[in-house]
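Colleague: got a predicted model here, sequence first, then my questions.
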Amino acid sequence: MSIIPITVYGDKILREVAKPVQQVDDNIIQIIRDMFETMRNASGIGLAANQVGLSEKIFVVDISVVEGYENYKPVVMINPRILDKSEELEIFEEGCLSLPNLRADVERPKIIKVSYLDTDEKEQEIEANELFARVILHEYDHLIGKMIPDRVSSTVKKRLQNELYDIRNRDVKVDYPITEK
């Protein structure tokens, strides 16, 4: 396994729509292992493939390190699809490994239903709520080229401009590897 530098705001791949995985082979399994290692090394709870420079529709989630969510098992979602979202919304502060040190309140549905392939290429369908739903939606956003600045008001986005500029220019302190400018 290896730790992969994380792409950051300004890297073109973060704005691209990911491509569906055609087959879960040894290469994809290795990518998934590396994604988990990279995410954990950066103290993250979710990581999408384009955050490590790959355009596949894959993300990994492990919220078991968060108090109150210790019983949640790590999950890999390949070719995920959001099937349903609750009308009830929640606002919660989010961060992102591709936006080091930036935090913003983001409104998202409280409950979602999602389908995806697991690593055995079996179709799975789950209902997720609260933090689990939020992390899934956050990582799903990455797969469609969206990030936190796309989910906040124009006023908040304007307030974040200096931080986004610094991130784009790699003028941030991080304790995990990021891509070079």
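Modeller: Arrived safely.
Colleague: all strands of the protein, in order?
Modeller: For the chain, applying DSSP state E gives strands covering 46-48, 58-61, 75-85, 89-96, 99-109, 111-117, 123-129.
Colleague: show me where pLDDT drops low in the protein?
Modeller: Within the chain, no stretch has pLDDT under 70.
Colleague: quick one: the helices in it, in order.
Modeller: If DSSP state H is used as the criterion, the helices of the chain fall at 26-41, 130-143, 154-159, 161-168.
Colleague: report how many residues lie close to residue 170.
Modeller: 14 (other C-beta atoms under 10 Å). Where you see a C-beta, it was placed from the backbone N, CA and C, and this is true even at glycine.
Colleague: quick revisit: so which of the strands of the chain gets nearest residue 31?
Modeller: Judged by C-beta to C-beta, the one of the strands of the chain that comes nearest to residue 31 is strand 58-61, at 7.0 Å.
Colleague: any idea how far residue 33 is from residue 96?
Modeller: Separation of residue 33 from residue 96 (C-beta to C-beta, to the nearest Å): 22 Å.
Colleague: can you pick out the residue with more neighbours from those two?
Modeller: Set residue 33 next to residue 96 and count neighbours by other C-beta under 10 Å: residue 96 wins out with 27 against 14.
Colleague: which one is the residue nearest to the spatial centre of the chain nearest to, not counting chain neighbours?
Modeller: Closest residue to the average C-alpha location of the chain: residue 139 at 2.9 Å, with C-alpha atoms, centre = their mean. Spatially, and ignoring its direct neighbours in sequence, residue 139 is nearest to residue 59 (3.8 Å; C-beta to C-beta, 6 or more residues apart in numbering).
Colleague: tell me how far that neighbour lies from residue 97.
Modeller: Residue 59 is 12 Å from residue 97, by C-beta to C-beta.
Colleague: look at these two and report which has more neighbours.
Modeller: residue 59 (29 against 22).
Colleague: for the more buried one, which residues make a bridge with it?
Modeller: Beta-bridge partners recorded for residue 59 (DSSP bridges): residue 48, residue 77.
Colleague: residues contacting it?
Modeller: Residue 59 sits next to 35, 46-49, 76-77, 80, 136, 139-140, 142-143 when contact means C-beta atoms under 8 Å, 6 or more residues apart in numbering.
Colleague: same deal with residue 94?
Modeller: Residue 94 neighbours (C-beta under 8 Å, 6+ apart): 103-106, 134, 138, 148.
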